[in-house]
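[1] Sequence first, then the predicted structure:
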Amino acid sequence: MLEIRHLSKAFGTHAVLKDIDFTVDKGDVTTIIGASGSGKSTLLRCINLLETLTTGEILFHGKDITGRGVNSSAYRAKVGMVFQSFNLFNNLTVLANCMIGQQKVLKTGHDEARKRALYYLNKVGMAPYINARPDQISGGQKQRVAIARALAMEPEILLFDEPTSALDPEMVGEVLDVMKSLATKDNMTMLVVTHEMSFARDVSSHVVYMADGVIEEEGDPEKIFSNPESPKTKDFLKRILNN
Ligand SMILES: Nc1ncnc2c1ncn2[C@@H]1O[C@H](COP(=O)(O)OP(=O)(O)OP(=O)(O)O)[C@@H](O)[C@H]1O
């Protein structure tokens, strides 16, 4: 579904991503792990076209969506994003937050947008809070609303940028449970930047380990976690799993 080919990104002279190559197929849950500063979020932002690539291509269903003159709006509508910091509108209710994108971007009518918003809010367990405003609910609840908002756009792939990093520890589980359910029950295609090694190991179908802007190692979670080949992967896992 999504092919990243020879993607590089530099900020001025600082090369942050170097020759990144990987593929996400329909139904894959790919986690991107790696130390702080290894380029994980920048990679996700490139894939979501929030950053321009320095070189390389991103193919979606075989078509390059990064070339000059390419109309990327259809691609953007098919790629959902969940941010670390929720990015909800504080002046809108939970329900309105899940309707506004559908109405503005997809031009969905009010009744249909409301129906879809309610469906996805129910899925993430937030139906009782539809009239609350974001500042009246917890961080975990905000993130569940942000996931419902992304789902309401009915994307083909959902990108998550450290969705639990801004949460108090006791709220991490409720968000991971929603993500796990999307992966296992709904077969959602997901690309997840995370520091949650249990999610990477137990839920994902593919793990990409990044170090210093390159893919150091990738593969099946069991292989990466039980039998990593690269000394850098071994070191990273040892450090993070012992913490
Ligand atoms: N807009 C920018 N301008 C200049 N440098 C940037 C910019 N965005 C990111 N960088 C640099 O790119 C490098 C990779 O950052 P990035 O946020 O992608 O890493 P990360 O692996 O996601 O880290 P973390 O786990 O801490 O979020 C860092 O050195 C960062 O300072």
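    Noted; the coordinates are in hand. All values derive from a computational prediction rather than experimental measurement.

[2] And the closest residue in space to Ile65 that isn't next to it in sequence, how far from the ligand?
    Closest residue to Ile65 apart from its sequence neighbours, by CB to CB, 6 or more residues apart in numbering: Tyr75 at 4.4 Å. The C-beta positions use only the backbone N, C-alpha and C, and glycine is treated the same way. Noted for Tyr75: a distance of 21 Å to the ligand, by CB to the nearest ligand atom, to the nearest Å.

[3] what do you get for Thr108?
    Counting by CB to the nearest ligand atom - Thr108 and the ligand are separated by 33 Å.

[4] So for that residue, what's the pLDDT?
    Listed pLDDT for Thr108 reads 95.

[5] residues from this protein in reach of the ligand?
    Neighbours of the ligand within the chain, by CB under 6 Å from any ligand atom: 11, 14, 16, 34, 36-42.

[6] Restricted to buried residues, select those in ChimeraX.
    Burial among the residues of the chain next to the ligand is assessed by 16 or more other CB atoms under 10 Å; the matching ChimeraX selection reads:
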select :16,34,38,39,40,41,42
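
[7] Narrow the residues of the chain next to the ligand to those in helices?
    40-42 (DSSP state H).

[8] want to throw the residues you listed into TSV with distance to Arg149?
    Formatted as TSV, those follow (distance: CB to CB, whole Å):
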residue	distance to Arg149
Lys40	23
Ser41	20
Thr42	23
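
[9] For the residues you listed, give me CSV that also has distance to Leu106 and pLDDT.
    What follows is these, written out as CSV (distance: CB to CB, whole Å; pLDDT from 0 to 100):
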residue, distance to Leu106, pLDDT
Lys40, 29, 97
Ser41, 26, 95
Thr42, 28, 97
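
[10] Which of those residues sits closest to Met153?
    Ser41 (21.0 Å; CB to CB).

[11] so what's the nearest residue to the closest one once chain neighbours are set aside bridging to?
    Once flanking residues are discounted, Ser41 sits nearest to Asp161: 5.5 Å by CB to CB, 6+ apart. With DSSP bridges applied, Asp161 shows beta-bridge pairing to Val193.

[12] Surely Asp161 touches Met81?
    Yes. Here Asp161 reaches Met81: they are 7.0 Å apart, a contact under CB atoms under 8 Å.
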